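[1] Need coordinates for the following:
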Amino acid sequence: MNLSWKIATDGWTFPSNGIAITHPGTEFFDPEVKDNGKRFKWKDKNSPGLTFKYTITVTNGTMTKKLDPTIVNRASR
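    Next up is the predicted model:
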């Protein structure tokens, strides 16, 4: 399964570490910045019952902002 994040605000982009998953192990792999920094993608094995902290980093070239949400994997429907 692919997880994607997209920035809709003009002037802001994801750097190469735009979505940094804490201790991804083998659950998450192949991180990729796409569309000139407007999208970020990780592949996720989506094993149910696992929770992962991650950090979102965005920049406008002069300023960098971070946020620390979580990912909760659930069984596919």
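[2] now the lowest-mean-pLDDT helix or strand in the chain, how far from the centre of its chain.
    Lowest on mean pLDDT, DSSP states H and E among the helices and strands of the chain sits strand 70-72, with a mean of 80. Taking Cα atoms, centre = their mean, to the nearest Å, one finds the center of strand 70-72 at 11 Å from the center of the full chain.
[3] Run through who's touching that strand.
    3, 21, 44, 50, 51, 52, 53, 54 (Cβ atoms under 8 Å, 6 or more residues apart in numbering). No exception for glycine: its C-beta is placed from N, CA and C like everyone else's.
[4] And the strands in this structure, which stretches?
    For the chain, the strands defined by DSSP state E occupy 2-6, 19-21, 28-34, 39-44, 51-59, 64-67, 70-72.
[5] okay but residue 44 is in contact with residue 2, surely?
    Yes. Using Cβ atoms under 8 Å, residue 44 is in contact with residue 2, at 7.2 Å.
[6] Name the residue in those two with the higher neighbour count.
    Ranked by neighbour count (other Cβ atoms under 10 Å), residue 44 and residue 2 place residue 44 first, with 19 against 10.
[7] what's near enough to touch the more buried one?
    Residue 44 neighbours (Cβ under 8 Å, 6+ apart): 1, 2, 3, 27, 28, 71, 73.
[8] So which of those residues wins on neighbours?
    In terms of neighbour count, residue 28 stands highest of the contacts of residue 44 at 20 neighbours, by other Cβ under 10 Å.
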